[in-house]
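[1] Have a look at this prediction, sequence included:
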Amino acid sequence: MSELYTMIKNSKINDSNSMEKLCEKFLPLIKKYAIKLNYEDAFNDLQLYFIECILKIPLESGNFVKSDYYILSYIKKSIYFGYVALSKKIQKENYRNILCENDYTIDKIFYENNLYVLEDELFKNDIMKILNEK
């Protein structure tokens, strides 16, 4: 068994020293995605994703015992997907903030993942403010 496998196994049984070593080992990867997110708590949110990832790694699977490659790949992909999820969440919050700043009522706009629907509704609201009844 490898050192990484042992640290993860110990982290799963609440060994705080092993978890701390793992956090230090993967600090550059977490920082990389936190810088890309560019908001205040990005680092802390990604570190939480990392800790949850470590606790969910299925070490019983035969591939994880054989090589560190599988463990590293699993962690890298998990942090990347955490980054994508946080990025989408921040993007939605930014659109909601734009709607609130421009005095648009969110009830009238069907807030969906499709940005074209949102842009069409915003365009209609702007046109209705400019045009008179005729």
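    Arrived safely. Here the structure is a predicted model, which is why all the values come from computation and not from measurement. Residues are numbered from 1 along each chain as shown.

[2] Under the pLDDT cut-off, which ranges of the protein? List them.
    For the chain, the stretches with pLDDT under 70 are 1, 62, 94-119, 134.

[3] give me that answer again for 90
    Within the chain, the stretches with pLDDT under 90 are 1-10, 12-16, 37-42, 56-74, 86-134.

[4] element containing the residue most central in space within it, please.
    Nearest residue to the geometric centre of the chain (C-alpha atoms, centre = their mean): Leu86, 2.8 Å. Assigned by DSSP states H and E, Leu86 belongs to helix 68-101.

[5] If we go by neighbour counts, what in that helix is buried?
    70-71, 74-75, 78-79, 82-83, 86-87, 95, 99 (16 or more other C-beta atoms under 10 Å). From N, CA and C alone the C-beta is placed, and that goes for glycine too.

[6] Which residues does stretch 10-22 contact?
    Contacts of stretch 10-22 with the rest of the structure, by C-beta atoms under 8 Å, 6 or more residues apart in numbering, involve 6-8, 50-51, 54-55, 57, 59.

[7] Please consider this matter closed, and thank you.
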